[in-house]
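Student: okay, predicted coordinates and the sequence, questions at the end:
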Amino acid sequence: MSGPRVVALGGGHGTAVTLRAARRYASHVTAIVSVADDGGSSGRLRQALGIPPPGDLRRCLVALSDDAPLAKAFEHRFGADAGELQGHALGNLVIAGLADATGDFTAALAEAGRLLGIQGDVFPATVEPVVLKAAAEHGEVQGQVAVATAGRIVNLSLVPPDPAPPQAALDAIAAADQIVLGPGSLFTSVLAVAVVPAIRDAIAASAAPFVYVCNLRSSTETPRFDVAAHVDALLAHGVVPDLVLYDDRSIPVGVLDVPGKAVTLAIDEIASAHDPVQLAKALADLVG
């Protein structure tokens, strides 16, 4: 397939949407995914096994698969009658098992990708788990769950402050024809990847267009944020997009300090989610 090499950065459901969009026009897609999660199934496996949290990575693996039965099984979550398995997604357990068997978390993701027949690559943002630390309006908090509910955030950083990404992730950024950040929770998904110093430096050094896909609405992390406030938070952390895509039908714009483009991105009139088809069109138009 001809087309650009696209790198998508972030975490959770938002980056999965970007991956589904990028598959429609890219020749190769790479996901670089936050490993700061400390809640739910991912947090339990992180605490028990000392591995990076697999949940957001699992979602991205599934997004790059062809919805085969195994991909659907990866998303199966055990219910209340499953004892100690309650709340765990099957894919999280498979990734954890592969990591234990191989002794290499990045290799475990590659093997999970082969099992799912994915079209592309999925890498963790760092080879070890990291802890988010935020200076918020009511004081300093640590941990993804705490940061998500901390109120207005002034600054986000990582513990340790300079974690190492996989070299393959940095190589993918260097080889990219387009780099896409977001959508997703601004601090706990988007900036959780973008503030990794080596990743931020690799993006700045790349000649590829760097696009930020803004959220459709404010959230508990971003109370009353318009598009400009989202962008200002990126700029305050040294993350400088070349262009911002936003849907001005669903969120106020404000005064942008970087170029922006209003496009249709929402899947419906109530802006419940980004539409991969509309996002693919908007992103493909930027690379010809």
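Tutor: Everything's here; your move.
Student: show me where the protein has its helices.
Tutor: Applying DSSP state H to the chain gives helices spanning 12-22, 40-49, 55-63, 69-74, 90-102, 105-116, 144-148, 167-175, 191-194, 197-205, 227-236, 276-286.
Student: tell me which of the ones you listed sits most buried.
Tutor: helix 191-194 (a mean of 30; mean count of other Cβ atoms under 10 Å). The way it works is simple: take the backbone N, C-alpha and C, and place the C-beta from them, glycine included.
Student: give the other helices and strands that that helix contacts.
Tutor: Secondary-structure packing of helix 191-194 (3 or more Cβ pairs under 8 Å, 6 or more residues apart in numbering; DSSP states H and E): strand 5-10, strand 153-159, helix 197-205, helix 227-236.
Student: I'd like the helices of the chain written out as CSV, with distance to residue 30 added.
Tutor: Shown next, in CSV, are the helices of the chain (distance: least, Cβ to Cβ, whole Å):
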stretch, distance to residue 30
helix 12-22, 9
helix 40-49, 21
helix 55-63, 10
helix 69-74, 18
helix 90-102, 18
helix 105-116, 11
helix 144-148, 23
helix 167-175, 4
helix 191-194, 12
helix 197-205, 12
helix 227-236, 20
helix 276-286, 14
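Student: could these go into TSV alongside mean pLDDT and distance to residue 181?
Tutor: Output for the helices of the chain, formatted as TSV (pLDDT from 0 to 100; distance: least, Cβ to Cβ, whole Å):
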stretch	mean pLDDT	distance to residue 181
helix 12-22	95	9
helix 40-49	93	21
helix 55-63	97	14
helix 69-74	92	25
helix 90-102	96	24
helix 105-116	96	20
helix 144-148	94	18
helix 167-175	98	11
helix 191-194	98	6
helix 197-205	98	8
helix 227-236	98	8
helix 276-286	98	12
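Student: so which of the ones you listed comes closest to residue 219?
Tutor: helix 144-148 (8.7 Å; Cβ to Cβ).
Student: got the helices and strands packed on helix 191-194 as TSV, with distance to residue 269 columns?
Tutor: TSV is the format used below for those (distance: least, Cβ to Cβ, whole Å):
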stretch	distance to residue 269
strand 5-10	25
strand 153-159	30
helix 197-205	34
helix 227-236	19
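Student: excluding sequence neighbours, find me the nearest residue to residue 189.
Tutor: Spatial nearest neighbour of residue 189, chain neighbours left out: residue 11 (3.7 Å); criterion: Cβ to Cβ, 6 or more residues apart in numbering.
Student: same question, residue 53
Tutor: Residue 53 sits nearest to residue 42 (Cβ to Cβ, 6+ apart), 3.3 Å away.
Student: contacts only, for that neighbour.
Tutor: 53, 54, 55, 56, 92 (Cβ atoms under 8 Å, 6 or more residues apart in numbering).
Student: farthest pair within those residues?
Tutor: 56 and 92 (10.2 Å).
Student: doesn't residue 25 make contact with residue 2?
Tutor: No - using Cβ atoms under 8 Å, residue 2 makes no contact with residue 25, being 9.7 Å away.
Student: which one's more surrounded, those two?
Tutor: residue 25 (19 against 6; other Cβ atoms under 10 Å).
Student: so what's the backbone phi/psi at the more buried one?
Tutor: phi -140, psi -10 (degrees, to the nearest 10).
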